[in-house]
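[1] Sequence first, predicted coordinates after that:
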Amino acid sequence: MNAFQLYRRYIAASIRAQMQYPGSFLMMAMGEFIVTFTEFVGVWVLFGRFGQIRGWTFAEIAMFYGTVNVSFAIADSISRGFDVFGPQFVKTGNFDRLLVRPRTTILQLLGYELRLSRIGRLIQGVVVLTIATHLLGIGWDARKLLLLAAAIASGVALFVGILVLQATLAFWTVESLEIANTLTYGGVEAAQYPLDIYSRWFRDFLIFVVPIGCVAYFPIVRLLGHRAPLPAPGWLLDAAPLSGFIFLLIALRVWRVGVRHYTSTGT
Amino acid sequence: MTSLRPYLTVFRMRFVLMLQYRTAAVAGFATQCWWGFIKVMVFAAFFRSSSVHQPMNFAEAVTYVWLGQAFLALLPWLSDPDIAQMVASGNVAYERLRPLDTYFYWYARAMAWMIARAVPRALMMFAFACLIVPLLGMGDWRLRLPATPESAVLFVGAIAVTVMLSSAMVMFLNLGCVITLSERGVNSLVVPFVLILSGNLVPLPFFPNWIQPLLFAQPFAGLVDIPYRIYFGGLTGRTALAGIAQMLAWTIVLGFVGHRALSAAMNRLQVQGG
């Protein structure tokens, strides 16, 4: 059985398990949708008072907002195994069992769970993108769809990368640290607005260190044909989505260092 | 209630226990600083984009944001995890045996839990946002002191009522947990309303004018909006007192209804486990 087939089996099992409690699943998905949608209402309220933010309209913000939420919903759904890695695998010593199986740890952790409740956030993101498309009158052609797909895929890679790094940290700290939330949830929060509204130090951090800014901001600027308020050459705008994948590759390298460092807690 | 002593003891024990989680407090604090900065930067960008008169100025909005980070633990985020566990394991039945009023017993626990999480975080946040932020060269983004001594006194009173109000709301989450036998559903459905109606997400004065009277009257305003506006002088004198009165009234109403409902629920308690 190759890796892909095995992954499909893992996921099928995970979905079956979650569907044992359909009520709980529905409530959590609903809750997820309402929470994230309320946040969007908050953005709408502020635009009602201020009209625009540094030249960006509400509809344009909705494009950023929708894109980054779709990315995060997918990443968070597939990376559950990394998210709970500290308490579920390191602390309990369960990681030993993963190591003796003839498959990569990455595959096994990806297959740990496909969190279905994240569909609430996903639907919210899609709804917001639809609203934005409608308000802006975007005519979707192949190029624009490709840009959006690149932005979303790159965002997924980036957020998975952050969660892998969070899990790697657990090799040393055992517990998962809440501090990683600053990059996941905090990253979503920050990337919901265009990068150019932030202070220089924060912007540079979001472009060069953890490229949350690159994955959504540059492709969407390109897609909207908005004059880029941040001076950047055209080729850089096109290459920006690569940054998410590069980040993920680096994260996976760091993960391997962590695995080599791992000593079992011995329970 | 014949004597307050058992409830005070419960309160003290829980408080001391929660103070043990220092690492969690520090990690939470770092996260909150980061969130505070993002929110402040978004407000800074909004205020620079528009010259329209706003319901509060930039300095006040920044103060509102930092206060929100400082007192984040005072929101009724979730039902008491220990009670959720008792419900799941069936140990909740033991609560029937205690010679105490279950409502006040749990209420004291909720309050201790809340205060113990809030106090260290609030102290750190005040130190950070009042002192360190200006030292970093971001004077415009600092947390201001209360507008006047009168505001300060009223704020202390208001935030004390917030703790009582929020504990009464946690009791409703506990109640939902006892009735539905699971804490997850209740928590996930309540939190969004808390976030938006308290002013945590966006300060309530920024909402459209026509809805303001309604927002001021609803119970969640007392969690965030009313005390913070008292702090920076947005609500003064009689309006401030009216705000505090509103909070007290809701606390009493929620406490009364919650007490009745919990007694009823405990009388036909479903016990899980075996």
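    Alright, I've got the coordinates. Numbers count the residues shown, from 1 in each chain, chains lettered A, B, ... in the order given.
[2] count of neighbours near B:Arg142?
    21 (other C-beta atoms under 10 Å in any protein chain shown). C-beta here means a position set from N, CA and C on the backbone, and glycine is covered the same way.
[3] quick one, what contacts it?
    By C-beta atoms under 8 Å, 6 or more residues apart in numbering or on different chains, the residues touching B:Arg142 are B:62, B:66, B:129-130, B:133-134.
[4] Which one of those is nearest to chain A?
    For the contacts of B:Arg142, the closest approach to chain A (C-beta to the nearest C-beta) belongs to B:Val133, at 12.7 Å.
[5] Chain neighbours aside, what residue packs nearest to the closest one?
    B:Arg142 (4.6 Å; C-beta to C-beta, 6 or more residues apart in numbering or on different chains).
[6] where's the one you found relative to B:Val65, distance?
    Per C-beta to C-beta, to the nearest Å, B:Arg142 is found 11 Å from B:Val65.
[7] where does the single nearest residue of chain A relative to chain B land in three-state SS?
    Chain A approaches chain B most closely through A:Gly31 (2.9 Å), counting by C-beta to the nearest C-beta. What DSSP: H, G, I helix; E, B strand; the rest coil gives for A:Gly31 is helix.
[8] pretty sure it is touching B:Val186, no?
    No. Applying C-beta atoms under 8 Å, one finds A:Gly31 not in contact with B:Val186, separated by 9.6 Å.
[9] which residues touch the closest residue to chain A within the stretch 51-200 of chain B?
    Closest to chain A within the stretch 51-200 of chain B is B:Ser188: 2.9 Å, counting by C-beta to the nearest C-beta. Residues near B:Ser188 by C-beta under 8 Å, 6+ apart: A:27-28, A:30-32, A:35.
[10] Get me the contact residues on the stretch 101-250 of chain A for chain B.
    A:177-179, A:181-182, A:186, A:189-190, A:193, A:197-199, A:202 (C-beta under 8 Å from any C-beta of the partner chain).
[11] with those residues in mind, which one is nearest to A:Glu60?
    Nearest to A:Glu60 among those is A:Tyr193, at 10.2 Å by C-beta to C-beta.
[12] thinking again about what came up before, tell me which helix or strand the residue of the stretch 51-200 of chain B closest to chain A sits in.
    Using DSSP states H and E, the element containing B:Ser188 is helix B:183-198.
[13] what does B:Arg260 give?
    B:Arg260 is located in helix B:237-267, with elements delineated by DSSP H and E.
[14] related to what we said a few turns ago, distance from the helix holding B:Ser188 to the middle of the chain?
    Helix B:183-198 sits 13 Å away from the centroid of its parent chain (C-alpha atoms, centre = their mean, to the nearest Å).
[15] Whether the next helix or strand after that helix contacts chain A - can you check?
    Remark: after helix B:183-198, the chain's next helix or strand is helix B:212-217, criterion DSSP H and E. No. Interface with chain A: helix B:212-217 contributes nothing (C-beta under 8 Å from any C-beta), its closest point being 11.0 Å away.
[16] Return the list of helices and strands in contact with helix B:212-217.
    The contact analysis (3 or more C-beta pairs under 8 Å, 6 or more residues apart in numbering or on different chains; DSSP states H and E) places helix B:212-217 against helix B:225-231, helix B:237-267.
[17] Can you name the residues of chain B sitting close to chain A?
    Applying C-beta under 8 Å from any C-beta, we find that chain B lies next to chain A at B:24, B:27-28, B:30-31, B:34-35, B:37-38, B:41-42, B:45-50, B:52, B:54-55, B:182, B:184-185, B:187-189, B:191-193, B:195-196, B:201-202, B:206-208.
[18] Now the buried members of those residues.
    Among the residues of chain B next to chain A, those classed as buried by 16 or more other C-beta atoms under 10 Å in any protein chain shown are B:24, B:27-28, B:30-31, B:34-35, B:37-38, B:41-42, B:45-47, B:49, B:54-55, B:182, B:184-185, B:187-189, B:191-192, B:195-196, B:201-202, B:206-207.
[19] ok so, going back, which one among the contacts of B:Arg142 gets closest to B:Gly258?
    Distances from B:Gly258 to the contacts of B:Arg142, taken by C-beta to C-beta, are shortest for B:Trp66, at 31.4 Å.
[20] and that closest one, how many neighbours?
    There are 25 residues near B:Trp66, going by other C-beta under 10 Å.
[21] what are the ranges of the helices in the chain?
    If you meant another chain, say so; for now it's chain A. A:3-18, A:22-50, A:58-78, A:80-83, A:85, A:95-100, A:105-110, A:119-136, A:142-173, A:185-191, A:200-204, A:212-224, A:234-239, A:242-261 (DSSP state H).
[22] my question was about chain B
    Secondary structure of chain B (DSSP H): helices at B:5-18, B:22-49, B:58-70, B:81-89, B:102-126, B:133-135, B:149-180, B:183-198, B:212-217, B:225-231, B:237-267.
[23] Right, I'll leave it there.
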